[in-house]
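Q: coords please:
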Amino acid sequence: MDNSQTQSFVSRRWDESILPQLVDYKVRIPPGGKTGALVETLISWQTSARAQPFSTIGVDPDQLAAAVIATEKMLNLIAARRKARP
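A: Residues are numbered from 1 along each chain as shown. Model prediction:
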């Protein structure tokens with residue numbers, strides 16, 4: 001799949017209006033700076049101005065991977081809500 005095909009698939013699969021906006025982002029790194037320590041990323045999302053924000057957490061030794069895990073959890077929540085609709 002080339003880049004244009006990927007963008008087309010994503011735009012058809014995920015209507016931007018249903019994707020929440022990132023409201024807050026926190027990274028917790030344990031003191032001491034030991035290699036291999038787990039990093040916790042807490043991301044808060046909001047689907048609309050009137051909606052209650054919700055949060056997802058990712059944990060991994062790598063800060064970027066922890067953020068990706070938290071984002072993936074948000075996408076899974078949105079997909080599950082969408083699937084549960086009649």
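
Q: tell me the pLDDT at the residue lying closest to Gln63 once chain neighbours are set aside?
A: Closest residue in space to Gln63, ignoring its immediate chain neighbours: Val39 at 4.9 Å, by Cβ to Cβ, 6 or more residues apart in numbering. Any C-beta I mention is one placed from the backbone N, CA and C, and that applies to glycine too. For Val39, the pLDDT comes out at 92.

Q: Leu77: neighbour count?
A: Neighbours of Leu77 under the rule other Cβ atoms under 10 Å: 14.

Q: I'd guessed it sits against Phe54; true?
A: Yes: with contact defined as Cβ atoms under 8 Å, Leu77 counts as touching Phe54 (7.4 Å).

Q: For this protein, identify the residue most remote from the centre.
A: Most distant residue from the mean C-alpha position of the chain: Gly32, 27.4 Å away (Cα atoms, centre = their mean).

Q: and that one, what pLDDT?
A: You'll see Gly32 listed with a pLDDT of 71.

Q: Give me the nearest residue to the residue nearest the centre of the chain, chain neighbours excluded.
A: Closest residue to the average C-alpha location of the chain: Thr71 at 1.5 Å, with Cα atoms, centre = their mean. Setting aside the residues directly before and after it, Thr71 is nearest to Ile43 in space (Cβ to Cβ, 6+ apart), at 6.7 Å.

Q: Okay, that neighbour and Leu77: tell me how far apart.
A: Distance, Ile43 to Leu77, by Cβ to Cβ, to the nearest Å: 12 Å.

Q: mind showing which ranges of this protein have poor pLDDT?
A: For the chain, the stretches with pLDDT under 70 are 1-17, 33-35, 86.
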